[in-house]
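[1] What shape does this take:
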Amino acid sequence: MNEDQNLHGPLYGLSHPGPSSEGCIPYTDPAEPAMQLCTFQPTAAACRAPWNACQTISKLPAETLIEIFLYLGKPSSQLEGVEAIVSCNGAEWFRMMLVCRRWRAVVKSNPCFWRNIVINDCIDWWHLAIARSGTATLRLSFESERSPPEPFIHEILACRSRIEHSDVSGSLPDSQWILPLVEGSLPSLTSFDWNVFVHPEEPYVLTPENYPKLTRLRLADTCLPWTVSFLSRLRSLQLHYCTLEPATISLKDFLEALRSATQLEELELSDFMSGVCSYDSLQSTPASADPIRFPLLQDLHIQDTTPWLRAFLAHVELPTRGCIAVTAIVTVEEVEDQLDLGAYASIFPRDLDRTPFFRTATSARLLAEEHGPLCWVIYCEAPGPLQFTFDFGSRLAEHNEQQYWWNPEVQGLSYFTRLLREAPLTKLELAIRLHYIESPVLRTLVETFPGIQELRIGQKEEHPKMSFPGDIFEAFSGRSYPRADDSEEYRHGLSWPNLKTIHVDGIHWKDGSFVPSMFQCLFERAKRGAPRLEVFSLTVFRTPHEDWTAADTLIETTVARFADTYTLSVRPLTLPSLS
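    Numbers count the residues shown, from 1 in each chain. Below you'll find the predicted structure:
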């Protein structure tokens, strides 16, 4: 087939249109030109696809090369369907232009390679990109640390009707020169990212009327309207520390406007509701029998204090696919009132039908993070297209005296156990310092999730933060011990009978005194009929200046009796020993 045939679109790799119900290519009526056209194109594409597949890349049609180049030049996030602007002016395309004259001609002549422009101090690049982009819409990223020359600003303003995406970051007054552009009409703008630090008393005010085609919006430190006409056309909305005009509205009005955003595919609200809704309306707005639904929503990220999270989750139906991330901010007063964090379960609706992932999750991870005071994060995975993350942060940094009695590991694991108590977990990861947690809490964990098959303990850090978690090994060893409810009964039998894999990451070796308790756990499980483990891996920090050959040989020989595969990873200890 000749390459100069006028076939539309990229034809590389397209599948055969498929036979009809009779098993052959559909018949086309010669008397129906429209029918011939619509059938000829996919049929021709099906013939062209294997032809292209057999060609070397240098002989592929130009339209196919363009598709390949665009794919190779996309940022990794864009490969998953997320719109992203090229971070560097033409870097990917320049490398492709150096391959051969044909590739250079393809890249140079096609406007799609020149419409992503980073606005900085290089005026010559702007002139080159504008000349080669033709009449294509533009995706601009403003990164200049100082105001560009006046003629350059006028050239940018002259192209305002072509701007499809605008990404502005920096601080005022450094970005003051950009205001005439974003405050005016941008008729082609579909995506707007504004992350400019301004004085809190004089925030930038968004005017949606200037952007009639806007569907994706990401704002920080910005004032915006909260209206039905504005929200109803958005597909993506991300707000970080933003305010409203007027300053505050009632929770009812907030939710009614949000109900109109039925086109949303992505919603992210960070410290937003608590800043724009009047606190008095929090108690006077009962949960609605008709929750707000977003039929297209796939990514939901919300961060706020617990009262406002509770209100949001009481009125909004969570998506059933994609990703959900909920970040609860704990205040000192809340921790003082509820030391065991038990009441925080009410953040989520009592009706588990609205939060099914809490009883369908098969994999869960509890992670302790240090950003000032410790906070903890829960990750859940269940069969199906939904991933859930619950981040329980804290704002106790300003009250250092409160941190000494607040044990985030104990509180986090207790809440984790209560929250997922109905979930059929088979994979459990505890990336926390378990040596701070008392045995009864760990025994409750073991009893709550009897179906665990894979256990991972510890964190892969550069430095050791954990001693060997002997108590949890004792908890699932099968040894007899008092029940978690402190009754006089004793629990007997094998815990976690389906356990196949154990990973222990990043523990402090010290003098190796933990080895006997690890052996005892394995012996006890074997004595009670536990099957052999498939994998047992151990990662330790220890000093490289001593000879540990005898200890390593003993561990390997002993563990081999209970596990098919044993792996020991040693990392050098460069910090002082843990106390």
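[2] gap between residue 455 and residue 425?
    Distance from residue 455 to residue 425, counting by C-beta to C-beta, to the nearest Å: 10 Å. Every C-beta, even on glycine, is put in place using the N, C-alpha and C of the backbone.
[3] OK, contacts around the nearest residue to residue 189 once chain neighbours are set aside?
    Excluding the flanking residues, the one nearest residue 189 by C-beta to C-beta, 6 or more residues apart in numbering is residue 211, at 4.6 Å. Counting by C-beta atoms under 8 Å, 6 or more residues apart in numbering, residue 211 touches 186, 189, 192.
[4] Put together TSV for the residues you listed, with secondary structure and pLDDT on each row.
    Converted to TSV, the contacts of residue 211 look like this (DSSP: H, G, I helix; E, B strand; the rest coil; pLDDT from 0 to 100):
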residue	secondary structure	pLDDT
186	coil	94
189	coil	95
192	strand	95
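[5] is it true that residue 558 touches residue 519?
    Yes: if you go by C-beta atoms under 8 Å, residue 558 and residue 519 touch, sitting 5.7 Å apart.
[6] coming back round to it: tell me which of the contacts of residue 211 is nearest to residue 306?
    Nearest to residue 306, judged by C-beta to C-beta, of the contacts of residue 211 is residue 192 at 31.4 Å.
[7] what's the neighbour count on residue 72?
    Look at residue 72: counted by other C-beta atoms under 10 Å, it has 12 neighbours.
[8] hang on, I meant residue 58
    Counted with other C-beta under 10 Å, residue 58 comes out at 10.
[9] what's the answer for residue 105, then?
    Neighbours of residue 105 using other C-beta under 10 Å come to 12.
[10] Tell me if it really is in a helix.
    Yes: assessed by DSSP: H, G, I helix; E, B strand; the rest coil, residue 105 belongs to a helix.
[11] shift numbering so it begins at 319
    Fine by me, first position is 319 from now on; the one you just mentioned is residue 423.
[12] Quickly note the distance from it to residue 384.
    From residue 423 to residue 384 the distance is 12 Å (C-beta to C-beta).
[13] try residue 818
    49 Å.
[14] repeat for residue 508
    For residue 508 relative to residue 384 (C-beta to C-beta), the value is 22 Å.
[15] what does residue 580 give?
    35 Å.
[16] Quick check on these two: which one has the bigger neighbour count.
    With neighbours defined as other C-beta under 10 Å, residue 580 and residue 384 compare such that residue 384 has more, 18 against 14.
[17] Just want the phi and psi numbers for that one.
    Here is the backbone geometry of residue 384 (degrees, to the nearest 10): phi -60, psi -40.
[18] Then the one 4 residues further on?
    Note on residue 388: its backbone torsions stand at phi -60, psi -40 [degrees, to the nearest 10].
[19] what's the neighbour count on the residue nearest to it when sequence neighbours are not counted?
    Spatial nearest neighbour of residue 388, excluding adjacent residues (C-beta to C-beta, 6+ apart): residue 430 at 6.7 Å. By the criterion of other C-beta under 10 Å, residue 430 has 16 neighbours.
[20] Wait, residue 430 touches residue 454, no?
    Yes: counting by C-beta under 8 Å, residue 430 does reach residue 454; the two are 6.5 Å apart.
[21] check contacts around residue 776.
    748, 749, 784, 787, 821, 822, 823, 824, 825, 857.
[22] Distance of the residue nearest to it when sequence neighbours are not counted relative to residue 870?
    Leaving aside its sequence neighbours, residue 776 sits nearest to residue 823 (C-beta to C-beta, 6+ apart; 3.7 Å). For residue 823, the distance to residue 870 (C-beta to C-beta) stands at 17 Å.
[23] before we move on, what about residue 444?
    62 Å.
[24] Those two: which is more packed in?
    residue 444 (20 against 14).
[25] what about the spatially closest residue to that one that is not a sequence neighbour, neighbour count?
    Excluding the flanking residues, the one nearest residue 444 by C-beta to C-beta, 6+ apart is residue 435, at 6.6 Å. By other C-beta under 10 Å, the residues close to residue 435 number 24.
[26] got the residue ranges for the strands in the stretch 469-618 of the chain?
    For the stretch 469-618 of the chain, the strands defined by DSSP state E, counting those that start in this stretch occupy 481-489, 509-515, 522-523, 534-538, 540-542, 554-558, 561-562, 584-588, 617-623.
[27] Distance to residue 694 and mean neighbour count for these - can I get that in a markdown table?
    Formatted as a markdown table, the strands of the stretch 469-618 of the chain follow (distance: least, C-beta to C-beta, whole Å; neighbours: other C-beta atoms under 10 Å):
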| stretch | distance to residue 694 | mean neighbour count |
| --- | --- | --- |
| strand 481-489 | 31 | 19 |
| strand 509-515 | 28 | 20 |
| strand 522-523 | 35 | 17 |
| strand 534-538 | 26 | 20 |
| strand 540-542 | 31 | 20 |
| strand 554-558 | 22 | 19 |
| strand 561-562 | 30 | 18 |
| strand 584-588 | 19 | 19 |
| strand 617-623 | 15 | 20 |
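[28] Dump those into a markdown table; add distance to residue 637 as well.
    As requested, the strands of the stretch 469-618 of the chain are exported to a markdown table (distance: least, C-beta to C-beta, whole Å):
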| stretch | distance to residue 637 |
| --- | --- |
| strand 481-489 | 25 |
| strand 509-515 | 22 |
| strand 522-523 | 30 |
| strand 534-538 | 18 |
| strand 540-542 | 23 |
| strand 554-558 | 14 |
| strand 561-562 | 25 |
| strand 584-588 | 9 |
| strand 617-623 | 6 |
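[29] Isn't residue 769 up against residue 742?
    Yes: counting by C-beta under 8 Å, residue 769 touches residue 742, with 5.8 Å between them.
[30] Let me know whether residue 479 touches residue 506 as I believe.
    Yes: using C-beta under 8 Å, residue 479 makes contact with residue 506 at a distance of 6.2 Å.
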